[in-house]
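Undergrad: heads up, no residue letters with this:
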């Protein structure tokens, strides 16, 4: 993975949108990230890591919401976007952090997007732009999880040293994440087999506890066995089988009782039903007789309705002619009203035509005035091009005059700046000469400081080792005394315990029995006293363990003391070889030289800045000379153009009348003439149109008047004919007058209502008579039945058969429960036996694989050891060079804590002393070198195991401050070698030597407002 461009908005100390474009590095692959503490250097690493994995680079920054900038505006979304290349493909990943705006109760929505960039297009790489799919795709593309990325490609401040100095347990957890050895850990999990065995055993016990709840207590083999303290499994099975047979027989007997009672109830129920049906027939007979009497009482009313309906039907034959007469009367009224309206409209149209004709004649007489206005307008428009050109020429002349004046001012200002700049250049030249003279002895002072610093460090280390040796001597003497005391105590306890064992043996000896020790059958002097103290075997074992612990501690202190004494002698020999005065205060000399070198270094920086400023000033002065010449030439050209255009303007203005030379005045005259002409033309066109419309309207209304008049005459004739036809029909239908017709006339709905009433009456009468005849036939020769006795008998039989059914169901339930419990118990006991065998096998395998072996190494750790040895082998290639061949890392099998597994410990072999010791004894700078080499070795191993993974980038946060000048230079050489292999290396450091040795710097500047800005600086 190679980063191309990082964009951070409202992220950490970056308030606005901050873009870090790594393409600005150009050919440089190694760069330093520099800035004050808290400026936001580590935030750049956090931004890259967050964009890829949604998490910051360090473990102390796990809360992603805390990454939002405290300086950001409330409306600005916290966003990180990273464009990166991998496998010759370019991708863009974007993430937004949800946050809560002021006044809101919920957070904003976050975003997570991943695209591949092809030309100008961005193509989605995942089906859904959600966190889980994007994270999975990122891990697939990079080949690393977040844990691997943080241990190999991005080394957060102080965290990548954890792998070097952590114990076996922590290394195991780290390597489990990096090399994904979780499956090897899971194969030693015996809890599943144990849980299955316990669960099935518990199931068997549960089945036994269910027996008293599901089966009633009775004297039988089953309950006798259950009452015993240790029930026999086979007897329980036989007992359940007996219960099954017992309740099966009882169930069959209860089923017969239920069937007989149910049949008797059914027969009595049928008898009750027939009796109820007969009684209902007698009730219906009485009801129908009453209905027939009521219908016969309506006969006279029905006859009257029939006669009324006949008269109304005869009158209905005249309704169409009556409606026609009424419609003709209404239509005649409408025609007469329309005719009167047409007369009024025609009179109004005739009057308007006369008025419009008079106005037309007046406008026709104004034709000469319209022609004169048009000619004046044409003459004014003829002056318009000339006057417009004069205005444009005048504007150009005025602008040229302004340009000439402005160029004169710029030229004068430029000449003054040239004079002032020359004075400044002369002063800078003098300052540079003075600084160069003061820095002539700088290199000599630097060499002297380096030598004094080495001596001061070596002398201080010697003094610390001497103090440590004195303290270790005291610890050694204490350990020696404690070891001797524990040995005496153990021997005393062991003697007491042996005496006690002799007494126990004596109590078991009898004359005539052979002694188990010597074989004698005589025992004249058996031990009879337990001595001063009775001691147990456990006390002796505890004392022995305590003695072993004290002995190990004593020998460890003895070895540590010898090693420290050897180191002191080595340092003392080196001090003697370098002729160091042990009582001289080299630290004071080093501080004095440091201040002097620091002062000279600042002067060097000032000299560098001065030289750059001097070169920039000379370049600026040359540019001003060139600019002055250009301004002079441009001023002359602009003044010549001004004179030429002024002469042309004076010639053109003489051809235009004085009052029309101004374009606004001419345009005003044109607008006035155009308005007058347009007014006269509009009035002439309007009167012509009005005359045409009035004439057309008068003709149209005159035609309507004639048509309306004819329609009224025709309608009157039609009304007379319809009245005559109606009177003729009255006579034909037998009506003497219109009044007699109206008396019998009924509406259509009333006639339908009467007809429906008559039909309903006839149907009811017919139905009642027919039903009455049928009921008389059915009840002939029969009497109503008394129902209460039969109903009581039915209820008694129902209660009996329901009780029998309940007894049968209960017996059937017990029989089924006995059968189910028997089957469940047989199945469960069979599974218990099988699972118990499996658990025994798994337990044996578990003890072997989890590390209960001679080496105390689990199977997972055995796999991890192979990875660790490869990592150490790769790390030593670089560490030997960084330590001048002094140090080499080795894997240790020592137990780090009592009874705890080991195998992943790391020791360091010191070639100068020939001793192997814990890596924790290394100094801070040595630990940094070892940790860096270990991280690089891990990267090499992972890349060798994952061929598709390409590690083109590495970021290192701090750590170089603990190194001396030589170690810093070797670390720089290592990083240069890495970047020459094609990797991009970014280092956060405050070390001046690091900044000077690396030509590319990403400067992070903290503004006075509190937020930060970045920029690349290439030397």
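TA: Nice, thanks for sending it over. Since the model is a prediction, treat every value here as computed from it, not as a measurement. Numbers count the residues shown, from 1 in each chain.

Undergrad: how about the nearest residue to residue 376, chain neighbours excluded?
TA: residue 673 (5.6 Å; CB to CB, 6 or more residues apart in numbering). Where you see a C-beta, it was placed from the backbone N, CA and C, and this is true even at glycine.

Undergrad: tell me, how many neighbours does the nearest residue to residue 246 once chain neighbours are set aside end up with?
TA: In space, and not counting its chain neighbours, residue 246 is closest to residue 220: 7.5 Å by CB to CB, 6+ apart. For residue 220, the count of nearby residues is 15 (other CB atoms under 10 Å).

Undergrad: hang on, the earlier thing: tell me how many other residues surround the residue nearest to residue 376.
TA: 19.

Undergrad: with the one 4 residues further on instead?
TA: By the criterion of other CB under 10 Å, residue 677 has 18 neighbours.

Undergrad: show me what contacts residue 33?
TA: 41, 44, 986-989, 1001-1002, 1004 (CB atoms under 8 Å, 6 or more residues apart in numbering).

Undergrad: for it, give me the pLDDT.
TA: Residue 33 carries a pLDDT value of 89.

Undergrad: and whatever helix or strand it lives in, which strands flank it?
TA: Counting by DSSP states H and E, the element that carries residue 33 is strand 30-35. Neighbouring strands of strand 30-35 in its sheet, by DSSP bridges, are strand 984-988 (parallel), strand 1000-1006 (parallel).

Undergrad: wait, is the residue nearest to residue 376 part of a helix?
TA: Yes - assessed by DSSP: H, G, I helix; E, B strand; the rest coil, residue 673 belongs to a helix.

Undergrad: ok, it to residue 381 distance?
TA: Distance of residue 673 to residue 381, computed by CB to CB, to the nearest Å: 9 Å.

Undergrad: same question for residue 301.
TA: For residue 301, the distance to residue 381 - CB to CB - is 105 Å.

Undergrad: one more: residue 802?
TA: Separation of residue 802 from residue 381 (CB to CB) stands at 120 Å.

Undergrad: could you do residue 695 as well?
TA: In terms of CB to CB, residue 695 sits 38 Å off from residue 381.

Undergrad: is residue 226 in a helix, a strand, or coil?
TA: helix.

Undergrad: pLDDT value on the residue lying closest to it once chain neighbours are set aside, please?
TA: Excluding the flanking residues, the one nearest residue 226 by CB to CB, 6+ apart is residue 211, at 6.3 Å. Residue 211 is assigned a pLDDT of 81 by the prediction.

Undergrad: next helix or strand past the helix ranked longest in the chain?
TA: Using DSSP state H, we find that the single longest helix of the chain is helix 367-438. Next along the chain after helix 367-438, taking DSSP H and E as the criterion, comes helix 442-507.

Undergrad: please state the offset of that next one from the chain centre?
TA: 57 Å (CA atoms, centre = their mean, to the nearest Å).

Undergrad: helices or strands up against the helix or strand just after that helix?
TA: Next along the chain after helix 442-507, taking DSSP H and E as the criterion, comes helix 537-577. In terms of contacts (3 or more CB pairs under 8 Å, 6 or more residues apart in numbering; DSSP states H and E), helix 537-577 is packed against helix 442-507, strand 915-918.

Undergrad: surely residue 975 and residue 985 touch.
TA: Yes - in this structure residue 975 lies within contact range of residue 985 using CB atoms under 8 Å: 5.1 Å.

Undergrad: the more surrounded of those two?
TA: For residue 975 versus residue 985, neighbours defined as other CB under 10 Å are more numerous around residue 975 (23 against 19).

Undergrad: most packed of the strands paired with strand 30-35?
TA: strand 984-988 (a mean of 22; mean count of other CB atoms under 10 Å).

Undergrad: what's it in contact with?
TA: Contacts for strand 984-988 (CB under 8 Å, 6+ apart): 2-3, 22, 25, 29-33, 41-42, 44-45, 157, 952-958, 960, 975, 978-979, 994, 998, 1002.

Undergrad: what's the angle from the helix or strand harbouring residue 343 to helix 367-438?
TA: Assigned by DSSP H and E, residue 343 belongs to helix 319-364. When axes from the mean of the first three to the mean of the last three CA atoms, to 10 degrees is applied, the directions of helix 319-364 and helix 367-438 differ by 80 degrees.

Undergrad: for helix 319-364, packing partners?
TA: Helix 319-364 packs on helix 663-732, going by 3+ CB pairs under 8 Å, 6+ apart.

Undergrad: quick one: contacts for the residue at the greatest distance from the centre of the chain?
TA: Most distant from the centre of the chain: residue 736, at 99.9 Å, with distances by CA atoms, centre = their mean. Contacts for residue 736 (CB under 8 Å, 6+ apart) come out as none.

Undergrad: sec struct for it, please.
TA: coil.

Undergrad: which pLDDT value goes with it?
TA: Looking at residue 736, the pLDDT reads 78.
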